[in-house]
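Student: sequence and predicted structure are below.
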Amino acid sequence: MDSVVVEHIYLLVIVTIISVLQNAFFAQKVEREGKASNTHPTAFERVSCANRNCMDAYPTFLAVMWCAGLCLNQAPAAFAGILYLMVRQKYFIGYMGQTCQSTPGFLFGKRVIFFLILMCVVGIFNYLLARFYGDNYKEYVETITSAASALLLIP
Amino acid sequence: MDSVVVEHIYLLVIVTIISVLQNAFFAQKVEREGKASNTHPTAFERVSCANRNCMDAYPTFLAVMWCAGLCLNQAPAAFAGILYLMVRQKYFIGYMGQTCQSTPGFLFGKRVIFFLILMCVVGIFNYLLARFYGDNYKEYVETITSAASALLLIP
Amino acid sequence: MDSVVVEHIYLLVIVTIISVLQNAFFAQKVEREGKASNTHPTAFERVSCANRNCMDAYPTFLAVMWCAGLCLNQAPAAFAGILYLMVRQKYFIGYMGQTCQSTPGFLFGKRVIFFLILMCVVGIFNYLLARFYGDNYKEYVETITSAASALLLIP
């Protein structure tokens, strides 16, 4: 595809690649524990459970991040994506000590997902407003979104 | 991305957001049952199983819907997506009374998925025909598809 | 969407549809074994496990293939996708005789996924180089990639 398209999505692609590498890291962890599962069966179960929870939420995260990036602006969407990956990493590492609850992975990163959904909604409303009223508030909205994404850093 | 692109995908984005919200609803159900799993272990197992079946089929559904929307026309694809989400909701609610069979979630919404695959195939054939023969039947095909999507409503 | 977009993605769409049909085939296998699970409980468990491993890796595969196809060129990405689907088919069929290890599906197709990630990285570097230095090596890089994708055939 010509570089006009790549210009609008390259940050999203970078975040996607990082998330894929993280998936591979998780899978390797599970594989290693699986080989040692004769000695530590509970450790394998925990890692496998954490991995499943992460994988369950993965398509949802990808879909929301790409929608937000395509509808409004890729920079805040990619930033939120990076934050989500960091939260996921922390969740996966921290899961080792807990018992498997089989609760889906939506427990972590709720705020990031919510922010991305909000970005989608704002982008679509912005498009519809521009279509029916002729005015385009897009640049204004994009500036606010970029500023608001910094608020995600507050713990 | 400029509004030319958003114009062609905004319905798909809306359906994607609704599906994400539905995923969050399912996850919340599982979480709530997980907390009460000491009293009702079978109820938790059923909800968790229904959630897993839905999540298994989710990336397939998203991929087919977006392909169909990009290749042919977004309106019937989004309409079929909405129908799929309704069927999924019905499946999830109705699953409570059954035993977990661990059968994948492709049992429901087969017809909708098949319709979306057909849309993709028609779209690609249409593109190839237009490329090699020079004629573009696209508008004609789009009208037929929009009319055919109403047939999905027949139970 | 107009045919300019379809021109750049139709091979990716075809591979996606084939993967969806393969998913449906896997699901049908699981369903059939599930109905006969009273007589062969271990066979059902194995097929279900193989299916889950394949489904776990599916969104990752889709994301990487589409990113690679959008960033660089669709032909080698679709070719790698077809190879991945063949490896997956072989994995699923061959899994019947093994015990369920619950190891994620990243065990198979590692090389294909790695090649697709490399394509993404090369595509983004190419874009950034073209942006900051003004030269566009894209055609050159695409030729090399198409040639390199043949190396995947080496067992």
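Tutor: Structure's in. What do you need? Computed from a predicted structure; not experimentally measured. Residues are numbered from 1 along each chain as shown, chains lettered A, B, ... in the order given.
Student: show me the shaky parts of chain A.
Tutor: Scanning chain A for pLDDT under 70 picks out the ranges A:1-4, A:37-38, A:95-108, A:134-138, A:154-155.
Student: from what I can see A:Thr60 touches A:Val112, true?
Tutor: No - A:Thr60 sits out of contact with A:Val112 when judged by C-beta atoms under 8 Å, with a separation of 11.4 Å. Bear in mind the C-beta positions are built from the backbone N, C-alpha and C, glycine included.
Student: now the helix or strand hosting A:Phe125, how far from the centre of its chain.
Tutor: Applying DSSP states H and E as the criterion places A:Phe125 in helix A:110-133. The chain centre lies 17 Å from the centre of helix A:110-133; the measure is C-alpha atoms, centre = their mean, to the nearest Å.
Student: could you say what helices and strands the next helix or strand after it packs with?
Tutor: Helices and strands here follow DSSP H and E; after helix A:110-133, the next one along the chain is helix A:138-149. Using 3 or more C-beta pairs under 8 Å, 6 or more residues apart in numbering or on different chains; DSSP states H and E, the elements in contact with helix A:138-149 are helix A:74-94, helix A:110-133.
Student: which one of those lies closest to chain B?
Tutor: Across those, chain B has its closest neighbour in helix A:110-133 (4.7 Å, C-beta to the nearest C-beta).
Student: which of the residues in the closest one are buried?
Tutor: Neighbour counts over helix A:110-133 (16 or more other C-beta atoms under 10 Å in any protein chain shown) mark A:112-113, A:115-117, A:119-124, A:126-127, A:130 as buried.
Student: mind putting these into TSV with distance to chain C?
Tutor: Listed next are those as TSV, based on distance: C-beta to the nearest C-beta, whole Å:
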residue	distance to chain C
A:Val112	18
A:Ile113	16
A:Phe115	20
A:Leu116	16
A:Ile117	18
A:Met119	19
A:Cys120	18
A:Val121	22
A:Val122	23
A:Gly123	18
A:Ile124	17
A:Asn126	20
A:Tyr127	15
A:Ala130	19
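Student: now the host helix or strand of A:Ile17: how far from the chain's centre is it?
Tutor: Of the helices and strands defined by DSSP H and E, A:Ile17 is found in helix A:3-35. Mean C-alpha position of helix A:3-35 versus that of the full chain (C-alpha atoms, centre = their mean) differs by 11 Å.
Student: just stretch A:80-90 next, same as before
Tutor: 7 Å.
Student: returning to that earlier point: and the two most separated of the buried residues of helix A:110-133?
Tutor: A:Val112 and A:Ala130 (26.9 Å; C-beta to C-beta).
Student: rewinding a little: and the helices and strands packed on helix A:138-149 as CSV, adding distance to chain B?
Tutor: CSV is the format used below for the helices and strands packed on helix A:138-149 (distance: least, C-beta to the nearest C-beta, whole Å):
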stretch, distance to chain B
helix A:74-94, 8
helix A:110-133, 5
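Student: how about these in JSON lines, adding distance to C:Val64?
Tutor: Putting the helices and strands packed on helix A:138-149 into JSON lines (distance: least, C-beta to C-beta, whole Å) gives the following:
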{"stretch": "helix A:74-94", "distance to C:Val64": "15"}
{"stretch": "helix A:110-133", "distance to C:Val64": "20"}
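Student: closest to B:Trp66 out of the ones you listed?
Tutor: B:Trp66 lies closest to helix A:110-133 among the helices and strands packed on helix A:138-149, at 14.3 Å (C-beta to C-beta).
Student: which parts of stretch A:9-18 are buried?
Tutor: Quick answer for stretch A:9-18 (16+ other C-beta under 10 Å): A:Ile9, A:Tyr10, A:Leu11, A:Leu12, A:Val13, A:Ile14, A:Val15, A:Thr16, A:Ile17.
Student: quick one: that stretch near chain C?
Tutor: Yes - Stretch A:9-18 reaches chain C (C-beta under 8 Å from any C-beta of the partner chain) through A:Ile9, A:Tyr10, A:Val13, A:Ile14, A:Thr16, A:Ile17.
Student: please write out the alpha-carbon positions of that stretch in CSV.
Tutor: Output in CSV follows, covering the C-alpha atoms of stretch A:9-18 (Å, rounded to 0.1, in the frame of the first residue of the first chain):
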residue,chain,number,x,y,z
ILE,A,9,-1.2,3.7,10.9
TYR,A,10,2.5,3.1,11.5
LEU,A,11,2.3,3.8,15.3
LEU,A,12,-0.6,1.4,15.6
VAL,A,13,1.4,-1.2,13.7
ILE,A,14,4.4,-0.7,16.1
VAL,A,15,2.1,-1.2,19.1
THR,A,16,0.6,-4.3,17.5
ILE,A,17,4.1,-5.8,16.9
ILE,A,18,5.0,-5.1,20.5
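Student: which residues touch it?
Tutor: For stretch A:9-18, contacts defined as C-beta atoms under 8 Å, 6 or more residues apart in numbering or on different chains pick out A:62, A:65-66, A:69-70, A:74-75, A:77-78, A:81-82, A:85, C:63-64, C:67, C:70-71, C:117, C:120-121, C:123-124, C:127-128.
Student: try 10 Å this time
Tutor: Stretch A:9-18 has contacts (C-beta atoms under 10 Å, 6 or more residues apart in numbering or on different chains) with A:1, A:3, A:6, A:62, A:65-66, A:68-70, A:73-82, A:84-85, B:1, C:60, C:63-64, C:66-68, C:70-71, C:116-118, C:120-121, C:123-124, C:127-128, C:131.
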